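Peer 1: could you work out the structure for the sequence below:
(2 chains)
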There are 2 protein chains.
Amino acid sequence: MKNYKPKNRLSKQAYIDGILRGDRVILSRAITVIESNLDSDKVLAKEIVQQILPNSGNSIRIGITGVPGVGKSTFIEAFGLYLVKEGHKVAILSIDPSSQRSKGSILGDKTRMEELANLQEAYIRPSASGDTLGGVANKTGETMLLCEAAGYDVILIETVGVGQSETAVHGMTDFFLLLMLAGAGDELQGIKKGIMEMADMLVINKADGDNITKSKIAKRQYQNALHIFPLAESGWSPVVRTASAIKNIGISKVWEEILKYKAHVDANGYFIKNRNHQQIKWMYNNINEELKQLFYNSKDIKNELSRLEKDVIAAEISPVKAAQQIIEQFKKSF
Amino acid sequence: MKNYKPKNRLSKQAYIDGILRGDRVILSRAITVIESNLDSDKVLAKEIVQQILPNSGNSIRIGITGVPGVGKSTFIEAFGLYLVKEGHKVAILSIDPSSQRSKGSILGDKTRMEELANLQEAYIRPSASGDTLGGVANKTGETMLLCEAAGYDVILIETVGVGQSETAVHGMTDFFLLLMLAGAGDELQGIKKGIMEMADMLVINKADGDNITKSKIAKRQYQNALHIFPLAESGWSPVVRTASAIKNIGISKVWEEILKYKAHVDANGYFIKNRNHQQIKWMYNNINEELKQLFYNSKDIKNELSRLEKDVIAAEISPVKAAQQIIEQFKKSF
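Peer 2: Down below sits the predicted model:
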């Protein structure tokens, strides 16, 4: 089944040429190859990515997160429309390992960004499906490279602020934006620990009508809280702004801050340093992931591990000795 | 050299009996075996740990961190003396991968805790030396088990709040205490991101004399900041207290809070859940560490990696493809 070669595939060169001239249809078909689990497609995908690599990278990559209900789609639509009006080409991707293509991921429902989706200068692609976060992140990362090669100069990668995918998005973007709501309390419980510390900017959305006062208070609270935390390696102090995506208020200010950030990290060298670091880390993450698969996918190892887990909890074997035992077993299995 | 067997070693049973009857001299000698890098000692160490395992675990394990200058030694001495007075047996360990035994680690200089060091009910052991954090953490973890088996019912594990060792300490303790100073600003820059989010309690030390007002302000600021962050899995809201270790003020309150925490996590089941989780994670950390060593210690792999890093940064090969290539090479090497 996995070796079946789909008939509707183009030649490698046709994909590459299409992407480089910004052909959206070809771009979409190339991304389909990247997302495919067929063995023949995997080979083709690697070759396409390899060829467009020198044309990738010319963009600002922005990660956006926030819990469901924060108005993420509305914000991204307003922000995207603003960017297109400013002359940018915007690609909108997402990472959501929990999504199934059939069920439609966060962005699967393009109708939620109808106006933006209809523009030639915007490209919206739902999250790839996959079993592991690493696998999904790989696909989104390669899709991002293709979009850059196709001329998109602003990449928005969204994720839901409840899982580990934020770290993946943070690891592949230049700027990390966290959407929040005023009124704190309940909504906040949805945001995982550590996410706030990754943010370069907090935007308190839905700051309109009765919410304006509450939003201003929240803004001050977050500002105070963030200032107590140490400065990031970028040397950038995270900023807090209020906005109302639905009323189109505060959107241009978000972009202004991102441009300020870009100027700041260009000047101090962090932008390129971080990009290089991310590329290298991407490689090592993949190496470590494949190394683990080599180990943990072995059936003998799996059986032995579940036995050892029980023994460790029962204090019948020390964790260190258990680890040593199973590594010896693995070495002998080669 | 590594196979040389030291003459002053006791029999396995002598170590075990000594530890179980709380003999401090034997305990120290057993820890020396654990910290040794001699092959024969490694075998002996595993056997000792294995035998005392059923007698370990009956303690509360408290991680303590804070940047240099926060008064950690003074605090630990005051806290330790208080605990002994309350009838506890206290063991004080530390994790500091950067320390060399010869240079003396943070706690190496026992004279800094002279009064405590002289008590029979307190046991102070400086950080093990070692090349990797994982190795040092293993040794400290096993030392902790030995101390528990020797009847120490409060284990304090200290570390300097500037590196990754906090995560290691957090991963082996029940309660995590962060020492801070009022006046924020500069001192805070020393604390790494993420450490504050691990804390179950913040103690603002040196809250005496002219510092009292500043400390109260800092207390309120930290309280506000911490409340904005989501609740930990334990369901415990971190508390902030002021103290002056040197004047012996606020020390009993710290212990009161720890007892409250213990009652809370005993009641909701988190205490035992977390302990089990830590044991399992300890095993998996060791497995993954040894797996990586198997890979990264190979000389061919090392050479190839430094070549690939350059190519990845120069965008000559994609990170995903680079990873795949080197894993294939590794598989063939067996």
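Peer 1: tell me, how many residues neighbour residue A:227?
Peer 2: Residues contacting residue A:227 under the criterion other Cβ atoms under 10 Å in any protein chain shown number 15. To be clear about C-beta, it is placed using only N, CA and C from the backbone, and glycine gets the same treatment.
Peer 1: part of a helix, is it?
Peer 2: Yes: assessed by DSSP: H, G, I helix; E, B strand; the rest coil, residue A:227 belongs to a helix.
Peer 1: by contact count, what packs against the strand or helix carrying residue A:308?
Peer 2: Using DSSP states H and E, residue A:308 falls within helix A:299-313. Contacts defined by 3 or more Cβ pairs under 8 Å, 6 or more residues apart in numbering or on different chains; DSSP states H and E place helix A:299-313 against helix A:270-296, helix A:319-332, helix B:270-296.
Peer 1: which one of those lies nearest to residue B:303?
Peer 2: Closest approach to residue B:303 among the helices and strands packed on helix A:299-313 (Cβ to Cβ): helix B:270-296, 11.8 Å.
Peer 1: now for that closest one, which elements pack on it?
Peer 2: helix A:270-296, helix A:299-313, helix A:319-332, helix B:133-149, helix B:251-267, helix B:299-313.
Peer 1: quick one: the fifth one to chain centroid distance?
Peer 2: If I follow you right, that is helix B:251-267. Chain-centre distance of helix B:251-267: 20 Å, with Cα atoms, centre = their mean, to the nearest Å.
Peer 1: who's in contact with that helix?
Peer 2: Identification of contacts with helix B:251-267 by Cβ atoms under 8 Å, 6 or more residues apart in numbering or on different chains yields B:60, B:62, B:78-79, B:82-83, B:86, B:174-175, B:177, B:200-201, B:203, B:234-236, B:239, B:241, B:243, B:245, B:270-271, B:274.
Peer 1: those residues, buried ones only, as a PyMOL selection?
Peer 2: Buried members of the contacts of helix B:251-267, defined by 16 or more other Cβ atoms under 10 Å in any protein chain shown, are picked up in PyMOL with:
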select buried, chain B and resi 60+62+78+79+82+83+174+175+177+200+201+203+234+236+239+241+243+245+270+271+274
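Peer 1: next SSE downstream of the worst-scoring helix or strand of chain A on mean pLDDT?
Peer 2: Ranking every helix and strand in chain A by mean pLDDT, DSSP states H and E puts helix A:186-189 at the bottom, with a mean of 49. Note on helix A:186-189: by DSSP H and E, the next helix or strand toward the C-terminus is helix A:195-198.
Peer 1: that next one and chain B, are they touching?
Peer 2: Yes: legend: contact between helix A:195-198 and chain B by Cβ under 8 Å from any Cβ of the partner chain is shown at A:196, A:197.
Peer 1: convert the C-alpha atoms of that helix to CSV, please.
Peer 2: The C-alpha trace of helix A:195-198 is given here as CSV (Å, rounded to 0.1, in the frame of the first residue of the first chain):
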residue,chain,number,x,y,z
ILE,A,195,4.3,29.6,27.4
MET,A,196,4.1,33.1,28.8
GLU,A,197,7.8,33.2,29.2
MET,A,198,8.3,32.4,25.5
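Peer 1: partner strands of the following helix or strand past that helix, parallel or antiparallel?
Peer 2: Using DSSP H and E, the helix or strand that follows helix A:195-198 towards the C-terminus is strand A:201-205. Strand A:201-205 has the following strand partners under DSSP bridges: strand A:175-181 (parallel), strand A:239-242 (parallel).
Peer 1: nearest spatial neighbour of the most centrally placed residue in chain A, skipping sequence neighbours?
Peer 2: Nearest to the mean C-alpha position of chain A, by Cα atoms, centre = their mean, lies residue A:169 at 3.0 Å. Here the nearest residue to residue A:169 in space, its sequence neighbours aside, is residue A:63; by Cβ to Cβ, 6 or more residues apart in numbering or on different chains that works out to 4.1 Å.
Peer 1: what strands line up against the helix or strand that neighbour falls within, and which way round?
Peer 2: For residue A:63, the host element (DSSP H and E) is strand A:60-66. Sheet pairing for strand A:60-66, assigned by DSSP bridges, gives strand A:154-160 (parallel), strand A:175-181 (parallel).
Peer 1: neighbouring contacts of it?
Peer 2: By Cβ under 8 Å, 6+ apart, strand A:60-66 touches A:72, A:75-76, A:144, A:153-161, A:166, A:169-170, A:172-180, A:191, A:195, A:205, A:258, A:262.
Peer 1: where does pLDDT dip in the stretch 151-300 of chain A?
Peer 2: A:161-163, A:184-193 (pLDDT under 70).
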